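1. Quick one: sequence plus predicted model below, questions after.
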Amino acid sequence: MPQFDEASKLVQFYGGMKKIIITIDGFSSCGKSTLAKQMANELNYVFVDSGAMYRAITLYFLRNHINWEKTEDVVDALKEINLEFQYNDHSGKSDMVLNDENVEVLIRDMLVSEHVSEVAAIKEVREFAVDQQQRMGKRKGLVMDGRDIGTTVFPRAELKIFVTADPAVRVERRFKEMYEKNPSITIEEVKNNLEMRDYIDSNREFSPLRQADDAIVLDNSNLTRDEQLELALEWAQSKISCS
Ligand SMILES: Nc1ncnc2c1ncn2[C@@H]1O[C@H](COP(=O)(O)OP(=O)(O)OP(=O)(O)O)[C@@H](O)[C@H]1O
Ligand SMILES: Nc1ccn([C@@H]2O[C@H](COP(=O)(O)O)[C@@H](O)[C@H]2O)c(=O)n1
């Protein structure tokens, strides 16, 4: 009789089940990508960080001095952009590749964070990204996190999670993460950036950040990563078994 470790058992268990789409939305730095990656690993699903796509487009616009207030310039620039995800064995998630260049680290830079919400509010940019995101969901077995995934990208997803956490907790978590890469960063910079992005993302005209009516709210202010995973996997199991 073969012996399986816990992870193989899970893959075996979910491998034979019908695959679903799981959407994870919420405000900045509340742990969406962390949870999405954990769930995708456990379920043997594909994980897509949709924010990385908006960040890569912003990096392209900044580098090429695109005036994103001019629709014509935006439309022309988008024709030159090719976005791909490339699995990274080391991090266990996919890196963002922009026109054949791995930009995973560059897109997390504060300069990109300062402009990404402005760029992501542009209708043509959203149409460009949403079209690609929807194509990634054709075969299901996908966990995608973002701001409009349960509302616009996959409004019929089987499981929608809206993650939330106390704003001070979110700032602290992001500060800790960024400080390790750049010790000159201040907590005020991080706080201002999160507040600005949340404001623009929630108030933009096209596809603003909203909790879908049928989303389950997960407040992880006082939950560890393992605790949030355990809860979310229970919800996923019940959706998978009845789909
Ligand atoms: N339950 C948790 N407890 C403590 N830290 C957490 C928890 N969940 C996530 N984190 C940490 O919080 C930070 C933000 O998490 P993450 O990047 O997943 O958020 P996000 O919602 O995807 O953010 P954004 O949308 O701004 O990219 C990371 O440093 C992550 O490791
Ligand atoms: N579905 C999405 C995902 C992201 N955005 C915008 O991108 C910014 C960066 O996203 P992160 O998840 O990497 O923080 C975010 O602030 C939004 O402006 C989006 O509009 N829709």
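-> Cool, got the structure. Numbers count the residues shown, from 1 in each chain. Ligands and ions are numbered 1, 2, ... in the order given.
2. and I20, what does it touch?
-> Contacts for I20 (Cβ atoms under 8 Å, 6 or more residues apart in numbering) come out as 140-141, 157-159, 236, 239-240, 243. Backbone N, C-alpha and C define where each C-beta goes, glycine included.
3. repeat that for 7 Å
-> By Cβ atoms under 7 Å, 6 or more residues apart in numbering, I20 lies in contact with 140, 158-159, 239-240, 243.
4. Type out the ChimeraX command that picks the buried ones from those.
-> Only the buried entries of the contacts of I20 go into this ChimeraX selection, using 16 or more other Cβ atoms under 10 Å:
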select :140,158,159,239,240
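5. can you list the contacts of I20 in CSV and add distance to T224, pLDDT and secondary structure?
-> Supplementary listing: the contacts of I20 in CSV, determined by distance: Cβ to Cβ, whole Å; pLDDT from 0 to 100; DSSP: H, G, I helix; E, B strand; the rest coil:
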residue, distance to T224, pLDDT, secondary structure
K140, 29, 95, coil
E158, 26, 97, coil
L159, 21, 98, strand
K239, 23, 94, helix
I240, 24, 94, helix
S243, 28, 73, coil
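6. Out of the contacts of I20, which is nearest to ligand 1?
-> L159 (17.2 Å; Cβ to the nearest ligand atom).
7. Export whichever strand or helix holds F85 to CSV, keeping only CA atoms.
-> Using DSSP states H and E, F85 sits in strand 83-88. Extracted as CSV, the C-alpha positions of strand 83-88 are listed here (Å, rounded to 0.1, in the frame of the first residue of the first chain):
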residue,chain,number,x,y,z
LEU,A,83,2.0,40.1,-20.1
GLU,A,84,2.8,36.5,-19.0
PHE,A,85,3.1,34.7,-15.7
GLN,A,86,6.1,32.4,-15.3
TYR,A,87,6.2,29.9,-12.4
ASN,A,88,9.1,30.5,-10.0
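8. Who are the packing partners of the helix or strand just after it?
-> Moving toward the C-terminus from strand 83-88, the next helix or strand (DSSP H and E) is strand 93-98. Counting contacts by 3 or more Cβ pairs under 7 Å, 6 or more residues apart in numbering; DSSP states H and E, strand 93-98 is packed against helix 50-63, strand 83-88.
9. which one of those has the most crowded surroundings?
-> Comparing the helices and strands packed on strand 93-98 by mean neighbour count (mean count of other Cβ atoms under 10 Å), helix 50-63 comes out on top with a mean of 22.
10. That one: how far from the chain's middle?
-> Centroid displacement of helix 50-63 relative to its chain, using Cα atoms, centre = their mean, to the nearest Å, is 13 Å.
11. Is ligand 1 within reach of that helix?
-> Yes. Counting by Cβ under 6 Å from any ligand atom, ligand 1 has neighbours in helix 50-63: G51.
12. Show me where the protein has its helices.
-> Taking DSSP state H as the criterion, the chain contains helices spanning 6-15, 32-43, 50-63, 71-78, 110-120, 123-136, 167-181, 187-203, 225-241.
13. can you list the ones you listed in TSV and add distance to ligand 2?
-> Shown next, in TSV, are these (distance: least, Cβ to the nearest ligand atom, whole Å):
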stretch	distance to ligand 2
helix 6-15	25
helix 32-43	7
helix 50-63	2
helix 71-78	15
helix 110-120	4
helix 123-136	7
helix 167-181	9
helix 187-203	4
helix 225-241	17
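14. Which of these has the lowest mean pLDDT?
-> Lowest mean pLDDT within the helices of the chain: helix 6-15, at a mean of 56.
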